[in-house]
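In: next come a sequence and a model predicted from it.
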Amino acid sequence: VNAASARQYHAAVWNGREMLVWGGFAYSGQYKTTGPRYNPITDTWVPMSSVGAPSFGAAVWTGTHLVIWGGANRIGARYDPDADTWTAISTADAPSTPAGYTAIWTGRVMIVWGQNYTTSPNTGGRYDPVLDRWTSMSTANGPSPRNGHTAVWDGRELLVWGGTDPLFGYSNNGARYDPVADRWTPMSGINTPSRRWHHTAVWTGKEMVVWGGDNGVFEIQKTGARYDPAADTWKPTSINQAPPPHSRHTAVWTGKSMIVWGGEGVQYLQQNGGQYYPDSLFEPPVVDAGPDVTVECAGPTGTSVSLRGSGLGCGEPSQLSFVWTGPFPEGSGRIHGDSPNVTLLPGVNEVTLTVTDEAGQGTTDSVAVTVADNTPPTLTCPAAVTNECTGPSVGQVPVLRGMTVDSCDPRPVVTNSFTPGGPDASGA
């Protein structure tokens, strides 16, 4: 009810309470100058005013306003969700091209940068919503003109990478922009991902992670890399268990992982995604299988033993996986849980605990469980027997076997001692 109509290339921001959706254009190509606000708690959509609103464009949330710039007409506006009003923003000294921009919020200004699909020069600008004023950006040492690139803010610099240049084609280079010094610094070109556009990039707090995209000749990518601006170095992302190739997808950073979803695949639109954990951000979990123990044997076919393990990782405790392996019949020697019960035979049994975190990193620890038979068997001697003497010579007297029971040993060894001699039955 009241949800946004079908559209693409629209803007969406989160204001701490609602998702604001605005602009874009329909499948027919018609520009949209409408949008709603979505409250996930009440699961309701509320239409936004369209009076004085722009069409689609680059968008940021400033903490109080949604700011949109660009679109088809090189105009922009600020939206106040509390008042449900739009206010036009200044165009003086604004960037010259109307489309192809990316936008980021630094905490004080909005930086937009890029170009449209022509050979117009790359331009950008810094917009201060408090002063309603644009300030131009230097182009010295900046990236070549492009669109379809990504831009992230690392807390100090704007990081621009990839995209397509009408003159030079698809790119695998980029640069960092310092808005305080108004200065560009080229990024290292060593170990960068292959040329691409319509990829995604997220900032982890330490690195920019680039993934997916395509090079325009149906070579959709499932690769990526991590860029460290402090060291100016690239490292490839793992392709182990990566989702299928994606382009024009979305990506978000959760604080622990990058989640990618949707977009285009090799043949069809994708209805899948994946979750990537930069392995340099998390230490492997700490695991303790418990101290070595000795337990009393309960029976020849096995003794039930309660294992007690623990693990500590950087992620959510509920996401830790506990797997025990050892010489027990449960699970054919492999059982899950931090405190399972297993059956062990007499002797020394080595049992190993592996704890794996949500990043797929595992650590092991082992415990020796000794099942000992320290309880002596119970012996029941036969009843006393009296036999009549049959003569002065030594005679044989039958001795009945005693009854023996041992809880752990099914065949205990029984010996009888007999001392010949002594007074005979006649008393001589």
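Out: Received the coordinates, thanks.

In: partners of Leu269 in the sheet?
Out: As for beta bridges, Leu269 partners with Glu264 under DSSP bridges.

In: quick check: it touching Trp261?
Out: No: the pair Leu269 / Trp261 is not scored as a contact, 11.4 Å apart, by CB atoms under 8 Å. For the C-beta atoms, the positions are set from N, CA and C on the backbone; glycine is no exception.

In: of those two, which one has the most company?
Out: Neighbour count, other CB atoms under 10 Å: between Leu269 and Trp261, Trp261 has more, with 17 against 10.

In: list the contacts of the more buried one.
Out: Taking CB atoms under 8 Å, 6 or more residues apart in numbering, we find Trp261 in contact with His249, Thr250, Ala251, Gln270, Asn272, Gly273.

In: helices of the stretch 201-350 of the chain, residue ranges please.
Out: With DSSP state H, counting those that start in this stretch as the definition, the stretch 201-350 of the chain shows no helices.

In: contacts for stretch 354-361?
Out: Residues outside stretch 354-361 that contact it (CB under 8 Å, 6+ apart): 241, 256-257, 277, 279, 282, 284-285, 287, 309, 311, 313-316, 319-325, 362-364.

In: in ChimeraX, select just the buried ones from those.
Out: Entered in ChimeraX, the line below selects the buried ones among those, by 16 or more other CB atoms under 10 Å:
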select :256,257,277,282,284,285,287,309,311,313,315,320,321,322,323,324,325,363
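
In: adjacent strands (with direction) for the helix or strand hosting Tyr38?
Out: Element membership for Tyr38 (DSSP states H and E) is strand 36-39. Partners of strand 36-39 in the sheet, by DSSP bridges, are strand 19-22 (antiparallel), strand 44-47 (antiparallel).

In: which of these sits closest to Gly265?
Out: strand 19-22 (24.8 Å; CB to CB).

In: got the buried residues for that closest one?
Out: Quick answer for strand 19-22 (16+ other CB under 10 Å): Leu20, Val21, Trp22.

In: of all the strands paired with strand 36-39, which one comes closest to Pro95?
Out: Closest of the strands paired with strand 36-39 to Pro95 is strand 19-22, at 19.6 Å (criterion: CB to CB).

In: may I have the closest one as CSV, with CA atoms only?
Out: What follows is strand 19-22, C-alpha atoms only, in CSV (Å, rounded to 0.1, in the frame of the first residue of the first chain):
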residue,chain,number,x,y,z
MET,A,19,14.1,4.4,4.1
LEU,A,20,13.5,7.3,1.6
VAL,A,21,13.0,6.3,-2.0
TRP,A,22,13.1,8.9,-4.7
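
In: who touches that strand?
Out: Outside strand 19-22, the residues that touch it by CB under 8 Å, 6+ apart are 4, 10-14, 34-38, 40, 48, 53, 56, 59, 61, 66, 68, 79, 81.

In: take the residues you listed and keep only those in strands.
Out: Per DSSP state E, strands hold the following members of the contacts of strand 19-22: Ala11, Ala12, Val13, Trp14, Pro36, Arg37, Tyr38, Ala59, Trp61, Leu66, Ile68, Tyr79.

In: so for those, which is the shakiest by pLDDT?
Out: In terms of pLDDT, Ala11 ranks lowest among the ones in strands among the contacts of strand 19-22, with 82.

In: list the contacts for that one?
Out: Leu20, Val21, Trp22, Gly23, Gly24, Gly35, Phe56, Gly57, Ala58, Ala59, Leu66, Ile68.

In: which one of the residues you listed is nearest Gly174?
Out: Ala58 (17.7 Å).

In: ok, Val348 to Pro412 distance?
Out: Val348 sits 21 Å away from Pro412 when distances are taken as CB to CB, to the nearest Å.

In: kindly report the same for Thr102.
Out: With distances taken as CB to CB, Thr102 is found 82 Å from Pro412.

In: shaky segments in the stretch 251-400 of the chain?
Out: In the predicted model, the stretch 251-400 of the chain carries pLDDT under 70 at residues 279-282, 393-400.

In: quick one, strands of it?
Out: In the stretch 251-400 of the chain, the strands defined using DSSP state E, counting those that start in this stretch lie at 258-261, 273-276, 286-288, 293-296, 303-306, 310-312, 321-325, 334-336, 341-344, 347-356, 362-372, 378-380.

In: and Thr139, which of these is closest to it?
Out: Nearest to Thr139 among these is strand 258-261; the distance by CB to CB comes to 30.6 Å.

In: strands paired with the closest one, and their directions?
Out: Neighbouring strands of strand 258-261 in its sheet, by DSSP bridges, are strand 250-253 (antiparallel), strand 273-276 (antiparallel).

In: can you tell me which residues contact Ala298?
Out: Taking CB under 8 Å, 6+ apart as the criterion, Ala298 is in contact with Ser304, Ser407, Cys408.

In: would you turn the residues you listed into CSV with neighbour count and distance to Glu219?
Out: As requested, the contacts of Ala298 are exported to CSV (neighbours: other CB atoms under 10 Å; distance: CB to CB, whole Å):
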residue, neighbour count, distance to Glu219
Ser304, 13, 58
Ser407, 15, 70
Cys408, 20, 67
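
In: which one of those residues is nearest to Ser144?
Out: Of all the contacts of Ala298, Ser304 has the smallest distance to Ser144: 70.1 Å, by CB to CB.
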